[in-house]
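Novice: requesting a structural model of the entry that follows:
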Amino acid sequence: MSIIYTDQEIGHLIRERKILPAEWPTQVRFRDKRGHKEFDLDVTGESGNVFRVILRRNSRNLFNFSVILAVHIPRSTRLFRLRRYNGKSHRHTNPIEGVTFYDYHIHMATERYQGIGADEDTYAEATTKYSNYSEAFELMLKEGNFVEPPTDQTGLFR
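Specialist: Next up, the predicted model:
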């Protein structure tokens, strides 16, 4: 696979402001998929990029989850995973560095791993920033620069 995004482009995509749709929490409906539940939501960023939030939770193991921030690649049907917040359910090894760990971890898209033909988000770092699915989701919203939609405040003064 050729390099699709540079580290600088990846950083711009992550920092792009993403306004969540109105009443988005009511749209969260998980569907059953082969041993896990999954939900996805598309959100358009201020620069016009279309992002997808993918939430996956194992049906039996609370520590087995992924919260994914991806972007739709223009003129393609493919998603590019920018970040993936994983639970503490498996060992992870970074092939280039040769580092292995068993912990909560965040996968990050890198130019370097794309350059060796690996998946864009092969690299990961162990984290203590979350210890469950809900905290991982909140962290992804924060680090991914998601904002709540503007509210109609005209009713406040009636």
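
Novice: which strands and helices sit next to the worst-scoring helix or strand of the chain on mean pLDDT?
Specialist: Every helix and strand of the chain was ranked by mean pLDDT, DSSP states H and E. The lowest is strand 31-33, at a mean of 78. Judged by 3 or more C-beta pairs under 8 Å, 6 or more residues apart in numbering; DSSP states H and E, strand 31-33 is in contact with strand 36-44. C-beta coordinates here come from the backbone N, C-alpha and C atoms, glycine included.

Novice: partner strands of the strand it packs on and their direction?
Specialist: strand 31-33 (antiparallel), strand 50-58 (antiparallel) (DSSP bridges).

Novice: quick one: contacts of the shortest one?
Specialist: Contacts of strand 31-33 from elsewhere in the structure, counted by C-beta atoms under 8 Å, 6 or more residues apart in numbering, are 37-39, 59.

Novice: who's in contact with the residue lying closest to residue 148 once chain neighbours are set aside?
Specialist: Distance criterion C-beta to C-beta, 6 or more residues apart in numbering; nearest residue to residue 148, sequence neighbours excluded, is residue 20 at 5.8 Å. Residue 20 sits next to 43, 146-149 when contact means C-beta under 8 Å, 6+ apart.

Novice: just flag the most distant two among those.
Specialist: Within those, 43 and 148 form the most distant pair, 11.6 Å apart (C-beta to C-beta).
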